[in-house]
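Peer 1: 3D, please:
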Amino acid sequence: MNAVVKITVLAALAMLAFWGLRPAQGYQEEGKYPIVEKVAEKSYTETIGGTKVSFDMVAIPGGTYLMGSPKGEAGRKDDEGPQHPVKIEALWVGKYEVTWDEFDTYWRGRPGKKEDKEPEMPKDADAVTRPTPPYADETFGLGREGQPVICITHHTAMQYCRWLSVKTGKVYRLPTEAEWEWFARAGTTTAYSFGDDASKLGDYAWFADNSNDKPQKVGKKKPNPWGLYDVHGNVVEWCVDAYEKEVYGKADAGKLTIRPVNKPKGERWPHVARGGSYFDMGGPCRSAARTSSSRDWSQLDPNRPQSIWWHTSAEQVGFRIVRAVSEQEDLKGIRSLMTRDSK
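Peer 2: Residues are numbered from 1 along each chain as shown. Sure, this is the predicted structure:
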């Protein structure tokens, strides 16, 4: 590295420190991406009205990065490429995965009716439909207080966000797949937000080697460089997007894609989930790894049609919420289009 480049790199790192961002491992010192913008917003704590339940939202910068994994990355699958540059705007992200403490304020003690109809623009949070009673214990005996929500469908996660938005007056939703990878990477280009050394995964994640075959309370491992916990492991997290294996191939690898999303159209599956879970080995816990939902996640549900609210065989799936600083046009008013008649 010549003297001019070295001075430029040091200046860039100094600016990151000034903005309150920690230099992340894997930062491409001489590469074009990632480009991390200044954090202009502040993190905050939201209390759900009428309760003592609160959750933390972390201010995350916007920027540009290479979405997907390089061909040589260990554990890489075909649906993680080709890599392509993506632009993300600033947003707030849940510090932790959504817990039962939060989710229970939405549905427990007042489960919904079988009809899943509601006003197009509900003015009251109680007008938002909520889950019908589950077929079995929704926690599957794996814990409740401080534990991440599990076994919920994509529809349920979307409906919770809709309810929370009406309840708080702020627009919360699931992250897009591109947003999820951006905040999980936290400015890194390595397989994990802490580097490429999978032997360190146990410091940051609950996964097959250390979880005792069950999800664990949130926030007990080290956070990623932007202060987000459990982005690797514990429960795999729903994204807004419908899953499409070849979707990255539709992007122009030589042209910047701005705020991409593959919006769902009401289908039951497949949808994207990210981050790996407590029963996965290291590969699915990587920042670029993609998981798709399937019918197998409801295989033990005896109802016909099967529930659109609960998965009976997906103890590994939960979610994390985001709030855009400036919402993208194609996600304004986003809602689940799934119904009991969805295939």
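
Peer 1: and Ser294, what is it in contact with?
Peer 2: The contact partners of Ser294, taken as CB atoms under 8 Å, 6 or more residues apart in numbering, are Trp269, Pro270. In this view, the C-beta of every residue, glycine as well, is placed from N, C-alpha and C.

Peer 1: so what pLDDT did it get?
Peer 2: As predicted, Ser294 sits at a pLDDT of 94.

Peer 1: Distance of it relative to Leu164?
Peer 2: Between Ser294 and Leu164 the computed distance is 27 Å (CB to CB, to the nearest Å).

Peer 1: Over to Asp230?
Peer 2: 19 Å.

Peer 1: So between those two, which is more surrounded?
Peer 2: Each of Asp230 and Leu164 has its neighbours counted (other CB atoms under 10 Å); Asp230 has more, 28 against 25.

Peer 1: Near the nearest residue to Ala208 once chain neighbours are set aside, how many residues? Count them for me, please.
Peer 2: Among residues not flanking Ala208 along the chain, Met281 sits closest, at 5.1 Å (CB to CB, 6 or more residues apart in numbering). For Met281, the count of nearby residues is 13 (other CB under 10 Å).

Peer 1: Surely Met281 touches Phe207?
Peer 2: Yes - the pair Met281 / Phe207 is scored as a contact, 6.7 Å apart, by CB atoms under 8 Å.

Peer 1: Can you pull out the low-pLDDT segments for the stretch 101-250 of the chain?
Peer 2: Where the stretch 101-250 of the chain drops to pLDDT under 70, the residues are 109-116.

Peer 1: Kindly recompute the last result at 80.
Peer 2: Counting by pLDDT under 80, the ranges of the stretch 101-250 of the chain that qualify are 109-117, 135.

Peer 1: residue ranges for the helices of it, please.
Peer 2: For the stretch 101-250 of the chain, applying DSSP state H, counting those that start in this stretch gives helices covering 154-168, 177-185, 201-204.

Peer 1: Of those, which is nearest Leu331?
Peer 2: Closest to Leu331 of those is helix 177-185 (CB to CB; 10.1 Å).

Peer 1: what's next to the closest one, contact-wise?
Peer 2: Contacts for helix 177-185 (CB under 8 Å, 6+ apart): 24, 34, 60, 63, 65, 67, 86, 88, 91, 93, 175, 193, 224, 226, 228, 231-232, 237, 239-241, 257, 259-262, 272, 274-275, 287-288, 290, 320, 322.

Peer 1: Neighbours of the residue nearest to Gly202 when sequence neighbours are not counted, how many?
Peer 2: Nearest non-adjacent residue to Gly202, counting by CB to CB, 6+ apart: Asn210, 5.0 Å away. Neighbours of Asn210 under the rule other CB under 10 Å: 14.

Peer 1: measure Asn210 to Gly143 for me?
Peer 2: For Asn210, the distance to Gly143 (CB to CB) stands at 16 Å.

Peer 1: and what of Trp206?
Peer 2: Distance of Trp206 to Gly143, given as CB to CB: 12 Å.

Peer 1: Which one's more surrounded, these two?
Peer 2: Shown here are Trp206 and Gly143; by other CB under 10 Å, Trp206 has more neighbours (29 against 15).

Peer 1: ok, Glu327 - contacts?
Peer 2: Val171.

Peer 1: Doesn't it belong to a helix?
Peer 2: No - under DSSP: H, G, I helix; E, B strand; the rest coil, Glu327 falls outside any helix and is assigned coil.
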